[in-house]
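Peer 1: Coordinates only, no sequence provided:
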């Protein structure tokens with residue numbers, strides 16, 4: 001039976017999410033990605049600002065609420081989650097607040113948490129990431145064992 005893996009990432013890393021989606025499928029996983037990543041893939045538009053309309057229109061935060069709820073569902077349905085983290089704003093292995101919420105949910109539901117890249121000492125939430133028993137795979141998808 002194929003295992004389900006849900007990818008979690010900052011929107012700035014969604015192009016890499018789309019790339020990894022195919023690699024993970026080739027390794028035999030069923031892969032779930034964020035809705036916005038799927039839209040980016042379909043349109044080939046990876047401009048994060050185009051999708052985050054709530055910064056210009058506060059009424060659009062309801063869109064973000066729906067995106068959060070949708071991805072929480074995917075985390076709960078998964079057998080494991082993979083954090084796709086890379087450099088952002090000068091911080092290596094960046095993981096943001098939204099991803100931390102998803103990882104907390106995965107931890108609560110006893111899902112294994114894999115992190116693609118090591119995290120920077122400058123990451124303000126590093127202690128939380130370590131406390132969630134995340135397994136760092138240093139870019140090697142074959143290290144994902146569920």
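Peer 2: Done, it's in. Because the structure is predicted, anything quoted here is derived from the model rather than measured. Residues are numbered from 1 along each chain as shown.
Peer 1: give me every residue that touches the nearest residue to residue 27 once chain neighbours are set aside.
Peer 2: Closest residue to residue 27 in three dimensions, ignoring its sequence neighbours and counting by C-beta to C-beta, 6 or more residues apart in numbering: residue 141, at 6.1 Å. (Glycine included, C-beta is placed from N, CA and C.) The neighbours of residue 141, taking C-beta atoms under 8 Å, 6 or more residues apart in numbering as the test, are 20, 23, 24, 27.
Peer 1: how about the longest helix seen in the chain: buried residues?
Peer 2: As far as residue count goes, and with DSSP state H defining each element, the longest helix of the chain is helix 61-77. For helix 61-77, a neighbour-count test (16 or more other C-beta atoms under 10 Å) marks 63, 64, 67, 71, 74, 75 as buried.
Peer 1: need the residues you listed in CSV with distance to residue 94 and pLDDT, can you?
Peer 2: What follows is the buried residues of helix 61-77, written out as CSV (distance: C-beta to C-beta, whole Å; pLDDT from 0 to 100):
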residue, distance to residue 94, pLDDT
63, 23, 93
64, 19, 94
67, 19, 95
71, 18, 98
74, 21, 98
75, 19, 98
